[in-house]
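# 3D model of this:
(one chain, ligands or ions: 2)
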Amino acid sequence: MNRDDIKSLLHKNDLRATPVRYEVLEVFSKKEEALSNRDLEDRLPDFDRVTLYRTLQSFIDKSIIHKIPGDSGNALYAFSFDEKTVYKEDSHIHFQCINCGKLECLPGFEIPIPELPSGYSMSEINMIVKGKCEKCNA
Ligand SMILES: [Zn+2]
Ligand SMILES: [Zn+2]
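Residues are numbered from 1 along each chain as shown. Ligands and ions are numbered 1, 2, ... in the order given. Next comes the predicted model:
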């Protein structure tokens, strides 16, 4: 995504185009892998944690970024691709590589919805598939 794309994305979501919003979206839109709070802090050392956290939260509220529950209790975040996939965070499969550790979205690969016993209802579903990623298999 270039600066104009980011600008129009912010505009469409009624978010003011501030420097931190630009930077955060730029980081996310370049990466196909999910990032933790920590990764974001490391990549954007010029902003304090609270600002980054708030920025992230505003993007989550607008479904620009979605949250992926990680193994260790640390949430990861990933960019929500296109308008079509807006965005149930729980609609697609996530893949974690056991070799390089990268966690990525597999957009277009939907989570199969299980049938539940009667009397149960589902509010959320997540699926992380583990294995070796394309790069590590090559
Ligand atoms: Zn890998
Ligand atoms: Zn995802």
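
# just the terminal-to-terminal distance for stretch 116-136.
End-to-end distance of stretch 116-136 (CA to CA, to the nearest Å): 36 Å.

# leaving out the residues flanking it, which one is nearest to the residue nearest the centre of the chain?
By CA atoms, centre = their mean, the chain has its centre lying nearest to Ala78, at 1.6 Å. Excluding its sequence neighbours, the residue lying closest to Ala78 (CB to CB, 6 or more residues apart in numbering) is Ala34, at 4.2 Å. (C-beta placed from N, C-alpha, C; glycine too.)

# can you tell me the element Arg38 falls in?
helix 37-43 (DSSP states H and E).

# quick one: mean pLDDT over whichever helix or strand comes after that helix.
The first helix or strand that comes after helix 37-43 along the chain, using DSSP H and E, is helix 49-61. Helix 49-61 comes out with an average pLDDT of 94.

# what sits up against helix 49-61?
15, 20-21, 24-25, 37, 40-41, 44, 47, 65-67, 77 (CB atoms under 8 Å, 6 or more residues apart in numbering).

# show me what counts as buried in that helix.
Leu52, Thr55, Leu56, Ser58, Phe59, Ile60 (16 or more other CB atoms under 10 Å).

# then stretch 70-77?
Neighbour-count burial for stretch 70-77 flags Gly70, Leu76, Tyr77 (criterion: 16+ other CB under 10 Å).

# out of these, name the ones that lie in strands.
With strands defined by DSSP state E, the entries of the buried residues of stretch 70-77 inside them are Leu76, Tyr77.

# would you turn the buried residues of stretch 70-77 into JSON lines with pLDDT and distance to Lys102?
Listed next are the buried residues of stretch 70-77 as JSON lines, based on pLDDT from 0 to 100; distance: CB to CB, whole Å:
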{"residue": "Gly70", "pLDDT": "72", "distance to Lys102": "12"}
{"residue": "Leu76", "pLDDT": "91", "distance to Lys102": "10"}
{"residue": "Tyr77", "pLDDT": "92", "distance to Lys102": "14"}
